[in-house]
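>>> Give me the fold of what follows.
(4 chains)
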4 protein chains.
Amino acid sequence: MAVTHDFRSDNTAGAAPEILDALARASSGGAPSYGADPWTARVQERIAALFETEVAVFPVATGTAANSLALAALTPPWGAVYCHTDSHIQGDECGAPELQTGGAKLIDLPGADGKLDPAILDTAIADTGAGSVHRIQPASVSLTQATEAGTVYSVEEVKAITAVARAHGLAVHMDGARFANALVTLGCSPADATWRAGVDVLTLGATKGGCLAAEAVVFFRPELARDFAFRRKRAGHLFSKMRFLSVQLEAWLQDDLWLRLARHANAMATRLARGLAGIEGAELIFPVQANEIFVRLPEPAIAVLERTGFGFYRWDGPLLRLVTSFDTPQAAVDDFIEIVRTAKKTA
Amino acid sequence: MAVTHDFRSDNTAGAAPEILDALARASSGGAPSYGADPWTARVQERIAALFETEVAVFPVATGTAANSLALAALTPPWGAVYCHTDSHIQGDECGAPELQTGGAKLIDLPGADGKLDPAILDTAIADTGAGSVHRIQPASVSLTQATEAGTVYSVEEVKAITAVARAHGLAVHMDGARFANALVTLGCSPADATWRAGVDVLTLGATKGGCLAAEAVVFFRPELARDFAFRRKRAGHLFSKMRFLSVQLEAWLQDDLWLRLARHANAMATRLARGLAGIEGAELIFPVQANEIFVRLPEPAIAVLERTGFGFYRWDGPLLRLVTSFDTPQAAVDDFIEIVRTAKKTA
Amino acid sequence: MAVTHDFRSDNTAGAAPEILDALARASSGGAPSYGADPWTARVQERIAALFETEVAVFPVATGTAANSLALAALTPPWGAVYCHTDSHIQGDECGAPELQTGGAKLIDLPGADGKLDPAILDTAIADTGAGSVHRIQPASVSLTQATEAGTVYSVEEVKAITAVARAHGLAVHMDGARFANALVTLGCSPADATWRAGVDVLTLGATKGGCLAAEAVVFFRPELARDFAFRRKRAGHLFSKMRFLSVQLEAWLQDDLWLRLARHANAMATRLARGLAGIEGAELIFPVQANEIFVRLPEPAIAVLERTGFGFYRWDGPLLRLVTSFDTPQAAVDDFIEIVRTAKKTA
Amino acid sequence: MAVTHDFRSDNTAGAAPEILDALARASSGGAPSYGADPWTARVQERIAALFETEVAVFPVATGTAANSLALAALTPPWGAVYCHTDSHIQGDECGAPELQTGGAKLIDLPGADGKLDPAILDTAIADTGAGSVHRIQPASVSLTQATEAGTVYSVEEVKAITAVARAHGLAVHMDGARFANALVTLGCSPADATWRAGVDVLTLGATKGGCLAAEAVVFFRPELARDFAFRRKRAGHLFSKMRFLSVQLEAWLQDDLWLRLARHANAMATRLARGLAGIEGAELIFPVQANEIFVRLPEPAIAVLERTGFGFYRWDGPLLRLVTSFDTPQAAVDDFIEIVRTAKKTA
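Residues are numbered from 1 along each chain as shown, chains lettered A, B, ... in the order given. Prediction:
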């Protein structure tokens, strides 16, 4: 049946009006193609200013492209990428990092609340066998911020991970498909959340945050980006009418729009989590720190929700994943809670 | 200096208003992600209807993605792709086909007016050494319609090429970055221009034709597309908010918009070519059959054009490439002609 | 110091005299290159006869080549290979399967005694998400016989694994670097140990078993080998003077030499294990069923062994791996036991 | 029918007795595996001494492996390798360089007598479009010494090629499958023939020159070899019983054996060429400077040769390729000439 209240994902939402308006405005007149346009130049400057450092920025259209190309810049074909078992690069990109790196190996590691554990990471790297020709060689660490579990690494937690990576000579990638959601939770500066905490390359995701299709690969050590332009082109991710990619990022980063949109999504998740927390039979699985909620609900409640047009994914039986977005109406959240509360009573 | 009259490329243009409007309309409300949305379903149906046959359609955002993924569906890592020396896949995609195929080899062949020559193609395939384990194996032929020279293969010419391919057991790909421009020149049906003439897979380009970033890989033999969805995802070319890709194609194909836009671009090119043809010292290099003109002009004329804000690329010294697009103003064409005529006189 | 009693590996041994003699005999006279020689034809026939079925046989020189090319024949770039955590393909080939498959993913699974566990395998395959475009696709299972733990799957255990694979539509590869050692333990026919138990492709390793450098990739379903010749050539594993590769295999399989050599290696391992089993402080870790022993010894005993010219690898502190080979002298085994017994007493 | 006089190739010959003897001697006793053995160390030293410079040496078993891995060390996936149209890497390795480089492109160039032409090379590199993101990037030049046409570049000719490469910042690979044959023709030192003439990496081929299967990748700039050990292992080209590879090279280079063997092969080719040159109807196509002869013969002569047990390949109709080797008997050469002379007369 038709989904009227959408908690399936933040990528089932459309785009924010500000983005669409900017897109339309960017269309008039000729502009150099393939990134030599003024929008792309301004995005580079904007991100440098926001992150308070020199950066090399490459807009692409999908998170999978951003992640896999970024990892390829850090990892040789015989390299190892350390990541969480539940990370998107490991489980949801159909082997994209393997394609772009030329066959590197992802070493997936367990960790509570969707987060890498520094001790487990340290052991895993040490056990890989750096220097032995029989072994793949430790090359990079990828952590996801906010995580796939809807949690947020504290800055200290990020530092603990990057310190392990650094101690072994590895580069650090942050998959920030929901970086904005994490940032508003952290309340710190973008710089503090990334390169000052030891991150070398960030996938700055804007698609889930209100754009149509736009991500920026942000290198905080521009020397790592030396070959990136060739990798991007070769992978088919250099847009001819690049302005339409860049203008999305420009508008999204303008006047804190990205933070406002993320703040709303997070607020809706928090409101939903708090509402559900008070209901007997509803069990939250992870701390709700961004815009994703993992909650076990009674089947009768789930049945009513489904009948009523609520959309969500069953992660595992009665364990649901609920995702809020920049345009989730508060009424949908309140209705959700009310249905669970009521269904529970009548069940 | 600023380009005010743009003949640099059809990808320096913006997007057609109809496309932007459709994009904005598509944004409201939730929609399943990754292509399970109604826009994507309708594009599939629309293309099937337009081409009067069963098709498997995969929207992607760039021509390089479309071409390289299509070729990968036809060509094993040890396969040979036969193409024209001046083809985009050979010279302008930084090795994208090699990436997606896992290292296949492009055999580039000469041919007048940017077109493959059936006899040269036949010899080249025969000489490759099919069956010998030392040799790469003939796998596919890729022809570009309209060509990089701004010419258009007649249907008979396409058939001559595909007949050679078929005789050797090879599949045929058509790079249709400017397919619409070719189609309005041919005046035949999309089906006659493609699968009825022996084409197996078409890159149906909409970006240059008035979209922001949208191409469709169209398989006329759907069994060839069996693995394509995995290839596309793995390459980072599956959009999460797919509706924004599909709606561009939908709007572009609606009510013959694509043909109207292409017709305008072609008309401007024809007008420009005819105007230049009458001027002493202006030498057209190829027949002008789509929206590209290759013309040798006197340097004094070029100097005036450059000073006056005309944008174009020098292909080789005084040999210019001029490209018209869906929004090239007739006045710009006429001004161009007038400047060449006048500059010639005064030089 | 110099190793005089070598238990480091079965690849630290030289070659059996019968192999060297055959090699020298094969050198006289001209022979067609690249596998069109009579030795290669005879190896194909010999293996077909030994395994009592039609086979496609491809000699190569290393186990890594054999394994990775075999897996590439079974697994697309977006495919998953299920294997044991301690398998050679996962831990000791520097990502060779990833190179040859074009970036497939190895899913490594735990299992007692170095063996895959059918239930764990079944769950892992089911959890991969076959059919979802976001997920790599289950493609093949690789099991090692004898295992890296020196154990041997019973025929029933092999069948249990291949039944799981078959139920999910996956192909089965057996890494038989020490297949001969397993076979003499099993005491069954080569056919019963492989294709009759559900194995599709076997890496038949002869290097460790007494050759210089020779392995055979044996396809029991020849249709799977359709592209193998191209893969092998392209990977640089087609020898020009192929007779020198094939004659090793021919001589090794002649008159049960391969089984005699393996029987000796196994007998030495058994003798060593039995000898150590009776000594206090010596702890065998896995059942000794082939030619590898994993044993924890008291450090004083290890020190004496090292001083006395015994060669072996420390797997983890006082946990040693001892490997016997076709030419391990019985005296070396007895001396080893005696030293451990004595050192223990005097410690 | 059986070939009794073999001019098919230098890889249809067996191995020199000295090599077989050394192989047998190397088999006794244990030795560290994977290249940590003394034979491998000595080969490294021997080659350094012979070439009078610091080198990094990697033995592998096939020329295809040596060439493709060497090129991968010099060429990124988006790189261009410039080579002769008739080179082995371009036409006879089934795309091996493309596999090992991750999809680089070979730019094949014409040139008289099987040799690259400096002017054509210079233009080709300049035309590639270094720095443009749309273009593959010039990376390396590969020249074959002796060439596939049986000719030998003079040292000055090599320098002319490497100077062009150096001017564009490219590395230089020499495919020396028949380097020994070239060297005895040149009469200069190995150093003068290679690194002093600007060569960075040499495939030093020993298989055709009398070994069973042995080639050495020799880096004259060891910093280029930084990743080579991982590439070799990952490609399955690191032998476990490496001594058997290295001892071939050691014996081959000992006491000028390699030069003596090559000298014989060349002498037989020269004798054959001289003999044929005097016969009406026999037309030599290229200068005979190594151990290959390309000659057009009257069909009646060819028919008699074939009937009499002479083996050779028809390159194109009555154009034959004749290859001599270290063990070509002088009588076979003289018989060949006599048959051609006689058949001509009687025809």
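>>> any chance you could map the helices in the stretch 151-300 of chain A?
A:155-167, A:179-186, A:190-193, A:228-234, A:243-253, A:257-277, A:299-307 (DSSP state H, counting those that start in this stretch).
>>> Tabulate the ones you listed (a markdown table), appending mean pLDDT and mean neighbour count.
(Glycine included, C-beta is placed from N, CA and C.) Below are those laid out as a markdown table (pLDDT from 0 to 100; neighbours: other Cβ atoms under 10 Å in any protein chain shown):
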| stretch | mean pLDDT | mean neighbour count |
| --- | --- | --- |
| helix A:155-167 | 98 | 19 |
| helix A:179-186 | 98 | 26 |
| helix A:190-193 | 98 | 20 |
| helix A:228-234 | 98 | 24 |
| helix A:243-253 | 98 | 27 |
| helix A:257-277 | 98 | 21 |
| helix A:299-307 | 95 | 17 |
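>>> Just the pLDDT for A:Val3.
pLDDT, A:Val3: 87.
>>> Test my guess that it contacts A:Thr308.
No - checked against Cβ atoms under 8 Å, the pair A:Val3 and A:Thr308 is beyond contact range at 10.3 Å.
>>> of these two, who's got more company?
A:Val3 (17 against 14; other Cβ atoms under 10 Å in any protein chain shown).
>>> Now for the more buried one: which residues touch it?
A:12, A:309-311, B:30 (Cβ atoms under 8 Å, 6 or more residues apart in numbering or on different chains).
>>> A:Asp21: neighbour count?
Going by other Cβ under 10 Å, the residues that sit close to A:Asp21 add up to 12.
>>> what domains does the record give for chain A?
A:5-12+A:257-346, A:17-255 (automatic domain parsing).
>>> what's the most buried one of those?
domain A:17-255 (a mean of 23; mean count of other Cβ atoms under 10 Å in any protein chain shown).
>>> quick one: that one near chain D?
Yes - Domain A:17-255 is in contact with chain D by Cβ under 8 Å from any Cβ of the partner chain, via A:34, A:76-78, A:102, A:133-134, A:137, A:227, A:229-234, A:238.
>>> right, is whatever helix or strand A:Glu18 lives in up against chain B?
Per DSSP states H and E: A:Glu18 is located in helix A:17-26. Yes - for helix A:17-26, a contact with chain B is found by Cβ under 8 Å from any Cβ, at A:17, A:20, A:23-24, A:26.
>>> isn't A:Gly150 right next to A:Leu284, touching?
No - applying Cβ under 8 Å, one finds A:Gly150 not in contact with A:Leu284, separated by 9.8 Å.
>>> list residues touching both of these two?
With Cβ under 8 Å, 6+ apart as the test, A:Gly150 and A:Leu284 both reach A:293-294.
>>> and the most centrally placed residue in chain A, how far is that from chain B?
The residue lying closest to the centre of chain A (Cα atoms, centre = their mean) is A:Ala177, at 1.7 Å. According to Cβ to the nearest Cβ, to the nearest Å, A:Ala177 and chain B sit 9 Å apart.
>>> State the distance from that residue to chain C.
A:Ala177 is 14 Å from chain C, by Cβ to the nearest Cβ.
>>> related to what we said a few turns ago, C:Leu170: which of the domains of chain A is closest?
Taking Cβ to Cβ, domain A:17-255 is the member of those nearest to C:Leu170, at 16.6 Å.
>>> Identify the residue of the stretch 201-347 of chain A closest to chain C, quick one.
A:Asp316 (10.5 Å; Cβ to the nearest Cβ).
>>> how near is that residue to chain D?
37 Å.
>>> Quickly list what that residue is bridged to.
A:Leu319 (DSSP bridges).
>>> can you pull the pLDDT of it?
At A:Asp316, pLDDT is 87.
>>> Can you list the low-confidence ranges for the stretch 51-200 of chain A?
For the stretch 51-200 of chain A, applying pLDDT under 70 flags no range at all.
>>> and it, which residues reach chain B?
A:60-66, A:68-69, A:93-96, A:99-100.
>>> please redo it, this time with the cut-off set to 6 Å
A:61-62, A:64-65, A:68, A:94-96, A:99 (Cβ under 6 Å from any Cβ of the partner chain).
>>> Out of the residues you listed, the closest to B:Val340 would be?
A:Ala61 (39.6 Å).
>>> With distance to A:Ala48 as extra columns, can I get the helices of the stretch 151-300 of chain A in CSV?
Output for the helices of the stretch 151-300 of chain A, formatted as CSV (distance: least, Cβ to Cβ, whole Å):
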stretch, distance to A:Ala48
helix A:155-167, 21
helix A:179-186, 16
helix A:190-193, 11
helix A:228-234, 16
helix A:243-253, 11
helix A:257-277, 16
helix A:299-307, 45
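>>> for the ones you listed, which one sits closest to D:Leu109?
helix A:228-234 (22.8 Å).
>>> Any chance you could give me the closest one in CSV, C-alpha atoms only?
Taking C-alpha atoms only, helix A:228-234 is exported to CSV below (Å, rounded to 0.1, in the frame of the first residue of the first chain):
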residue,chain,number,x,y,z
PHE,A,228,41.9,11.5,-7.8
ALA,A,229,40.8,13.5,-10.8
PHE,A,230,41.8,10.7,-13.1
ARG,A,231,40.1,8.1,-10.9
ARG,A,232,36.9,10.1,-10.9
LYS,A,233,36.9,10.6,-14.6
ARG,A,234,37.8,7.0,-15.4
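>>> Which residues of the stretch 1-150 of chain A lie near chain C?
Checking the stretch 1-150 of chain A against chain C by Cβ under 6 Å from any Cβ, the hits are A:78, A:92, A:94-95, A:98-99, A:103, A:105, A:134, A:136.
>>> so how far is stretch A:17-37 off the chain centroid?
25 Å (Cα atoms, centre = their mean, to the nearest Å).
>>> what's the first-to-last distance across it?
23 Å (Cα to Cα, to the nearest Å).
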